[in-house]
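Q: Below are the sequence and a predicted model; questions follow.
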Amino acid sequence: MPEGDTIARLAASLDDRAVGRNVQSMVVRHPRLATLDLTGETLVRTSSHGKHLFLHFSDGTALHIHLLMQGRVMFGRAWDTEEWRRRFEIRFDDGTEVIGIDIPLLHHIDSDATGEFTSHLGPDLCGQLDLDLAHDRVLSAGDMHLSAALLDQRHLAGFGNIYAVEVPFICGISPYAPVDEIVGLDTLLAIGAALIRTNALRGPQNTTGRKLHLGDTWMLDTKRRDCPLCGSDIEKRPGKATPWRRRTAWCTQCQADANRCVDVERVTKLLGMHPARHLLALGETTSFVGDNAPLEI
């Protein structure tokens with residue numbers, strides 16, 4: 001499932017390529033919206049909150065899009081994709097085409113009704129960021145497993161599985177650790193916020209600071225079986241084997257079950273090459289010192 005940084009970048013791309021342009025033609029292949037046609041309307045702005053994307057048009061309505069696990073939005077023609085999978089096609093008057101492929105959730109709403117889809121969500125990690133509120137919401141999860149709590153969009157909106165695996169590794173905490181037993185939860189959330197906001201601005205989802213032009217992760221997508229930091233075994237489990245139904249990986253030594261305290265020295269070492277470090281005050285305690293305003297990508 002695309003994370004909040006991916007959706008924020010998609011919204012920014014739509015801003016650059018389509019906002020201010022008029023709809024020349026539109027096709028929607030969705031049982032509820034099959035007759036929808038916004039031809040002649042102007043795309044006036046886009047917005048996002050976590051993993052929710054909104055396209056706002058000049059008639060005061062908006063398209064709400066959620067990609068879940070399989071959806072994607074692309075620019076340009078998609079003749080190699082079966083027509084039935086192209087759930088919407090919008091062609092603008094300058095020739096720009098926006099195609100929604102395998103979109104599972106699509107709604108046509110009043111432009112000021114976005115709260116129907118976002119009011120239950122936590123703070124937007126790529127929007128107006130309130131880490132104190134995010135901390136309180138995550139802490140309210142009680143003994144929920146850490147990765148499950150990070151993935152729960154009611155606590156904070158935008159984290160996906162990359163961050164639910166990588167942030168615990170960077171902090172030296174097991175993904176199975178109960179949230180209410182973690183010492184330094186505020187530090188852990190600050191680190192996650194710095195990573196996702198940096199990746200939203202730069203592009204690829206990178207958690208290592210190496211090969212920044214590419215996606216590169218410590219644990220989630222690595223094929224290695226030993227920890228890159230201590231050399232101990234990496235435990236990997238598929239989504240069907242975790243309570244939160246997402247695949248995971250962790251170091252059996254660095255992230256031992258008994259570990260409950262965020263290891264700031266480890267954080268400093270692992271983020272040493274990552275631009276996210278510039279959004280953090282790394283020290284005996286670590287805090288987020290970046291801009292809390294919505295990202296301008």
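A: Good, I have the coordinates.

Q: From here on, just use CA atoms for contacts and neighbour counts.
A: OK.

Q: For the residue sitting furthest away from the middle of the chain, which non-adjacent residue is spatially closest?
A: If you look at how far each residue of the chain sits from its centre, by C-alpha atoms, centre = their mean, the farthest one is residue 40, at 32.5 Å. In space, residue 40 comes closest to residue 23 once its chain neighbours are excluded; the distance is 5.2 Å by C-alpha to C-alpha, 6 or more residues apart in numbering.

Q: do residue 291 as well
A: Taking C-alpha to C-alpha, 6+ apart, and ignoring the residues beside it in sequence, residue 291 has residue 279 as its nearest neighbour in space, at 7.9 Å.

Q: Show me where the stretch 151-297 of the chain has its helices.
A: Listed from the start of the chain, the stretch 151-297 of the chain has helices (DSSP state H, counting those that start in this stretch) covering 161-171, 185-202, 264-270.

Q: Please name whichever of those is nearest to residue 52.
A: Taking C-alpha to C-alpha as the measure, those were each checked against residue 52, and helix 185-202 came out nearest at 14.8 Å.

Q: For stretch 265-273, which outside residues touch it?
A: 170, 171, 172, 208, 209, 210, 277, 282, 283, 284 (C-alpha atoms under 8 Å, 6 or more residues apart in numbering).

Q: For that stretch, list every residue counted as buried.
A: Of the residues in stretch 265-273, those with enough neighbours to count as buried (16 or more other C-alpha atoms under 10 Å) are 266, 267, 268, 270, 271.

Q: Next: stretch 156-166.
A: For stretch 156-166, burial by neighbour count (16+ other C-alpha under 10 Å) applies to 156, 157, 158, 159, 160, 161, 162, 163, 164, 165, 166.

Q: As TSV, those with distance to residue 132 and pLDDT would be great.
A: Converted to TSV, the buried residues of stretch 156-166 look like this (distance: C-alpha to C-alpha, whole Å; pLDDT from 0 to 100):
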residue	distance to residue 132	pLDDT
156	11	95
157	14	97
158	16	97
159	16	97
160	20	95
161	22	96
162	23	97
163	19	98
164	19	98
165	22	98
166	22	98
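
Q: Could you single out the nearest of those residues to residue 9?
A: For the buried residues of stretch 156-166, the nearest to residue 9 is residue 158 (12.3 Å; C-alpha to C-alpha).

Q: what does the domain assignment say about this structure?
A: In the assignment given by automatic domain parsing, the structural domains of the chain cover 4-118, 131-288.

Q: Turn the ones you listed into a markdown table, columns for distance to residue 295.
A: Compiled in a markdown table, those are given as follows (distance: least, C-alpha to C-alpha, whole Å):
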| stretch | distance to residue 295 |
| --- | --- |
| domain 4-118 | 8 |
| domain 131-288 | 8 |
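
Q: circling back to that earlier point, look at the residue nearest to residue 40 and give its secondary structure.
A: In the three-state summary, residue 23 is assigned as strand, counting by DSSP: H, G, I helix; E, B strand; the rest coil.

Q: Nothing else from me, thank you.
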